[in-house]
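Trainee: Need coordinates for the below:
(one chain, ligands or ions: 1)
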Amino acid sequence: MYNFGVPAQLKNWIDAIARNGVTFHYTESGPKGLLADKPVYIALARGGLYRGTESDTQVPYLKAVLGFLGLKNLHFIYAEGLNMGPESVAKGFAQAEVDLAAAFA
Ligand SMILES: Cc1cc2nc3c(=O)[nH]c(=O)nc-3n(C[C@H](O)[C@H](O)[C@H](O)COP(=O)(O)O)c2cc1C
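Mentor: Got it, this is the predicted structure:
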């Protein structure tokens with residue numbers, strides 16, 4: 001997370017792959033994703049704590065844009081609190097391990 005959003009590098013990548021007529025298209029009944037659905041694993045590293053709060057703009061955004069392309073099987077792995085001291089870092093990475101195990105269960 002950079003300044004409450006996805007880093008510019010990730011945004012650039014999304015802008016490169018979200019292409020009308022290539023990865024999505026518009027039909028009479030609305031937009032349709034053209035990517036074959038397959039699992040997507042998304043690792044979220046954050047200095048603070050946002051999971052499950054309204055300030056977490058990343059997860060709804062990524063669900064919206066990836067879903068738009070046809071990718072619905074999303075797994076989010078959270079490492080949070082990484083700028084909040086050593087105990088918080090340990091907790092953040094322990095949670096990431098839990099999320100990883102769940103994602104690949
Ligand atoms: C430019 C910049 C902006 C950041 N903004 C946030 C933020 O809004 N919220 C947050 O929790 N952490 C923020 N952080 C901390 C990063 O999310 C955290 O350090 C994360 O581990 C960075 O991952 P990376 O090493 O893959 O870049 C920011 C870090 C940078 C460099």
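
Trainee: so who does L71 touch?
Mentor: Contacts for L71 (C-beta atoms under 8 Å, 6 or more residues apart in numbering) come out as 33, 35, 37-38, 40. Yep, even glycine has a C-beta here, placed from its N, CA and C like the rest.

Trainee: Tabulate the residues you listed in JSON lines, adding columns for neighbour count, secondary structure and pLDDT.
Mentor: JSON lines is the format used below for those (neighbours: other C-beta atoms under 10 Å; DSSP: H, G, I helix; E, B strand; the rest coil; pLDDT from 0 to 100):
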{"residue": "G33", "neighbour count": "17", "secondary structure": "strand", "pLDDT": "97"}
{"residue": "L35", "neighbour count": "16", "secondary structure": "coil", "pLDDT": "97"}
{"residue": "D37", "neighbour count": "12", "secondary structure": "coil", "pLDDT": "92"}
{"residue": "K38", "neighbour count": "9", "secondary structure": "coil", "pLDDT": "95"}
{"residue": "V40", "neighbour count": "16", "secondary structure": "strand", "pLDDT": "97"}
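
Trainee: ok, now how distant is the nearest residue to A45 once chain neighbours are set aside from P31?
Mentor: For A45, ignoring the flanking residues on the chain, the nearest one in space by C-beta to C-beta, 6 or more residues apart in numbering is A79 at 4.9 Å. As for A79, its distance to P31 is 32 Å (criterion: C-beta to C-beta, to the nearest Å).
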